[in-house]
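Enquirer: Have a look at this prediction, sequence included:
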Amino acid sequence: DAKTTQPPSMDCAEGRAANLPCNHSTISGNEYVYWYRQIHSQGPQYIIHGLKNNETNEMASLIITEDRKSSTLILPHATLRDTAVYYCIVRVAAAGNKLTFGGGTRVLVKP
Amino acid sequence: KAGVTQTPRYLIKTRGQQVTLSCSPISGHRSVSWYQQTPGQGLQFLFEYFSETQRNKGNFPGRFSGRQFSNSRSEMNVSTLELGDSALYLCASSLELADEQYFGPGTRLTVT
């Protein structure tokens, strides 16, 4: 699986959009980009995933650049409950369920 | 629909003992994966099961084993516990292999 690079931490103001970058410059054509988050002491929570098109669901939007070497997770209106560690993961769907977690981005939403 | 459940939630064991952790996937999900989370190593993949067969295994010693039952429930076992096995053990389920995974709350194991 391709490696990902994320900033170790970032702050965000409550009510504002949070834009979380992820670099995956060695991504292959058949690798998906997944985002999970982990709120303190809980199991990781699936957020969204995509291959090359932008995706949106009730939680977030995923913007993948045309060359697929980077992506951005957007939380449209951050709340205090969005404070968590966010993980960007790249994996080949055919490789099964193995997720390789990096260090993630620790997001602190401030009032 | 109920989420992934794991039992027990907390466990304290002594070095040398063995432990069995249980995971019940979301109803209808056929794939179960296990992860270990420690402060030093982060989240690491242990193994995954689908249709009662282990499909993939992470880089852990043979003391770590698992199985999946016909109802998709899964157990993992750690024998001859070491202090370094203290961790949060997380189970995740997915509808099929390669689908998005949904994690349980984890079992926090402390080895003394």
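Expert: Structure received.
Enquirer: burial count for residue B:86?
Expert: Using other CB atoms under 10 Å in any protein chain shown, residue B:86 has 16 other residues around it. Heads up, the C-betas are built off the backbone N, CA and C, glycines and all.
Enquirer: same deal with the one 3 residues further on?
Expert: Counted with other CB under 10 Å, the neighbours of residue B:89 add up to 23.
Enquirer: Secondary structure class of it, three-state.
Expert: Three-state call for residue B:89 (DSSP: H, G, I helix; E, B strand; the rest coil): strand.
Enquirer: which one is it nearest to, not counting chain neighbours?
Expert: residue B:107 (4.8 Å; CB to CB, 6 or more residues apart in numbering or on different chains).
Enquirer: same deal with residue A:25?
Expert: residue A:69 (4.4 Å).
Enquirer: pLDDT score for the one you found?
Expert: Here the pLDDT value assigned to residue A:69 is 94.
Enquirer: still on that earlier bit, just list the residues touching the residue nearest to residue B:89, thanks.
Expert: Listed by CB atoms under 8 Å, 6 or more residues apart in numbering or on different chains, the contact set of residue B:107 reads B:6-11, B:21, B:88-89.
Enquirer: distance of it from chain A?
Expert: 10 Å (CB to the nearest CB, to the nearest Å).
Enquirer: now do residue B:27
Expert: Distance of residue B:27 to chain A, given as CB to the nearest CB: 17 Å.
Enquirer: Just to check, that residue is in contact with residue B:2?
Expert: Yes - with contact defined as CB atoms under 8 Å, residue B:27 counts as touching residue B:2 (6.9 Å).
Enquirer: How confident was the prediction at the residue nearest to residue B:89?
Expert: pLDDT for residue B:107: 97.
Enquirer: One more: residue A:30?
Expert: On pLDDT, residue A:30 comes in at 87.
Enquirer: Quick check: which element contains the residue nearest the centre of chain B?
Expert: Nearest to the geometric centre of chain B sits residue B:34, at 3.5 Å (CA atoms, centre = their mean). According to DSSP states H and E, residue B:34 maps onto strand B:31-38.
Enquirer: Neighbouring strands - and their directions - for the helix or strand just after that strand?
Expert: Sequence order places strand B:42-50 as the next helix or strand after strand B:31-38, per DSSP H and E. For strand B:42-50, the paired strands and their directions (DSSP bridges) are strand B:31-38 (antiparallel), strand B:53-57 (antiparallel).
Enquirer: Kindly export the first one (C-alpha atoms) in PDB.
Expert: In PDB, the C-alpha atoms belonging to strand B:31-38 read as follows (Å, rounded to 0.1, in the frame of the first residue of the first chain):
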ATOM      1  CA  SER B  31     -15.600 -10.200   7.400                       C
ATOM      2  CA  VAL B  32     -13.800  -9.500  10.700                       C
ATOM      3  CA  SER B  33     -10.400  -7.900  11.200                       C
ATOM      4  CA  TRP B  34      -8.400  -7.400  14.400                       C
ATOM      5  CA  TYR B  35      -6.000  -4.600  15.300                       C
ATOM      6  CA  GLN B  36      -3.700  -3.800  18.200                       C
ATOM      7  CA  GLN B  37      -3.300  -0.300  19.300                       C
ATOM      8  CA  THR B  38      -0.400   0.800  21.600                       C
END
